[in-house]
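Undergrad: coordinates only, no sequence provided:
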DNA sequence: AAATTTAATGATAATGATTGTCATGTGCAA
DNA sequence: TTGCACATGACAATCATTATCATTAAATTT
């Protein structure tokens, strides 16, 4: 019954690249980076692998306003992000009382099964200096 | 120089529908609703009008995880939303100290030109009862 | 080690939301 | 009323993502 995840060259290549990448990257960027380092993986497989890793909570997946989905290897504890709009460099941040606040507000209005999105976007120091 | 916004039947129809709609709706849904009430507007024009209204901060525009852009007439003061994943019904909420918190965190990491997204998603009472 | 089973791969096509094009329509200022 | 510039909308184009499916190759069994 349990879905067996096979250990393939492609899955390892994607996982390894994510380990070495600190910025949020799109599927296309990850595809390009893999080609550059000589460990090409088909674009379809890149999408599938990222989706699989995201479902397993091994990578974070987000979509900035007006942009495509971005992926990044993160710690497993719940956190939020401060992301550079220009280069994708990322700082993991821990929201203060967002969790409990969200639950309380939702309950007050009769909403259940609550989730939330909280992301900060800005321009990092490097990109500010052009 | 200033862009003049003309008062057309189509723009009025979209604005009027938004005034009477309390839920976040997609462009396609708005297009359909306009047809139903006999004030049809071309889909391209619906998109253009919504974008124009969003840029003027007269409607809020958001994109739930895995979904398309949604639009809703809101108050002009800055606020966040609690949105039903199932029917789109929305409660406007005011975040606590999110603003200042975001600015402080960003400054600590050398980021400038900060913006943030904070949205809550859940299932409203009506949809919980099927 | 070979055979077998079944998930994974990837080239390609399909999808679908959003945007671009451009001929025509129309608000509005003169 | 006229003229100009923006607005409209049918249609085509774009493009990220997903579906298809024949082929490859893990992992398991013989």
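TA: Structure's in. What do you need? All of these numbers come straight from a predicted model, not from anything done at the bench. Residues are numbered from 1 along each chain as shown, chains lettered A, B, ... in the order given.
Undergrad: ok, and what's touching stretch A:106-119?
TA: With contacts defined as C-beta atoms under 8 Å, 6 or more residues apart in numbering or on different chains, stretch A:106-119 is touched by A:62, A:64, A:80-83, A:95, A:98, A:102-103, B:65, B:82, B:84-85, B:91, B:98, B:116-125, B:128. Quick note: C-beta positions are derived from backbone N, CA and C, even for glycine.
Undergrad: show the buried residues in those.
TA: By neighbour count, with 16 or more other C-beta atoms under 10 Å in any protein chain shown, the contacts of stretch A:106-119 hold A:62, A:64, A:80-83, A:95, A:98, A:102-103, B:82, B:84-85, B:91, B:98, B:116-124 as buried.
Undergrad: what residues sit buried inside stretch A:88-102?
TA: A:88, A:89, A:90, A:91, A:93, A:95, A:98, A:101, A:102.
Undergrad: these in strands, which ones?
TA: Members of the buried residues of stretch A:88-102 lying in strands (criterion: DSSP state E): A:90, A:91, A:93.
Undergrad: the first one reaches residue A:60, doesn't it?
TA: No: using C-beta atoms under 8 Å, residue A:90 is not in contact with residue A:60, being 9.0 Å away.
Undergrad: quick one: common contacting residues for those two?
TA: The contact sets of residue A:90 and residue A:60 overlap at A:24, A:72, A:81 (C-beta under 8 Å, 6+ apart).
Undergrad: let's have these in CSV, adding distance to DNA strand C.
TA: Output for those, formatted as CSV (distance: C-beta to the nearest atom of the strand, whole Å):
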residue, distance to DNA strand C
A:24, 21
A:72, 20
A:81, 23
